[in-house]
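Colleague: sharing a model that was predicted from the sequence below.
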Amino acid sequence: MNNLLGVFLIMSGYIVGLGAVTVIDILGFLGRKSSYWTEATIRAHKVTKPLIWIGTALLCLGGIIIQLPQYFFLIYFILILNGLFLSFYVSPILLNLEKKGTSKVLLPESLQRKVFLSFIISDLGWWGSLILFLLFLNL
């Protein structure tokens with residue numbers, strides 16, 4: 001029964017978290033050169049950020065229940081560090097831009113590079129760990 005609960009929590013984590021990651025990454029990619037999509041990304045991140053954290057928590061909880069190998073938790077730890085950077089460094093900048101009424105202005109190139117690297121880490125971590133999880137289940 002614990003295995004079923006653990007797998008359910010992990011799959012729920014991927015559905016919620018990876019779904020939100022995919023949405024915000026696509027918006028962020030479009031927002032690199034478009035003020036319209038920059039503003040849309042800033043607005044959407046207020047919804048996707050908590051969903052990504054919920055998904056991450058579900059992954060970790062499910063992984064503990066079914067006792068995933070340690071390499072999963074290394075990937076989850078990297079995702080958590082990346083999420084902390086996005087939540088406590090990038091997000092306040094975006095919220096400040098919105099507060100000042102400048103959310104349509106393209107982000108500075110230096111910030112765009114940091115966010116792009118963060119999105120690469122996020123995508124590799126989420127998609128890579130999903131593939132590893134499916135292999136772990138022998139699917």
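Modeller: All right, it came through fine. Numbering: from 1, shown residues only.
Colleague: where's the residue nearest the centre of the chain, which helix or strand?
Modeller: By Cα atoms, centre = their mean, the mean C-alpha position of the chain lies nearest to Val21, the distance being 4.2 Å. Assigned by DSSP states H and E, Val21 falls within helix 19-30.
Colleague: report the buried residues of that helix.
Modeller: 20-21, 23-25, 27-28 (16 or more other Cβ atoms under 10 Å). All C-beta spots, glycine's among them, are computed from the backbone N, C-alpha and C.
Colleague: with stretch 42-56 instead?
Modeller: 42, 44-45, 48-49, 51-53, 55-56.
Colleague: could you do stretch 72-88 as well?
Modeller: 72, 75-76, 79-80, 82-83, 85-86.
Colleague: tell me which of those residues fall in helices.
Modeller: Within the buried residues of stretch 72-88, residues falling in helices by DSSP state H are 72, 75-76, 79-80, 82-83, 85.
Colleague: tell me the spacing between Val115 and Met1.
Modeller: Val115 is 42 Å from Met1, where distance means Cβ to Cβ, to the nearest Å.
Colleague: if you count what's nearby, which of the two comes out ahead?
Modeller: In this view Val115 and Met1 are compared by other Cβ atoms under 10 Å, and Val115 has more residues nearby, 22 against 5.
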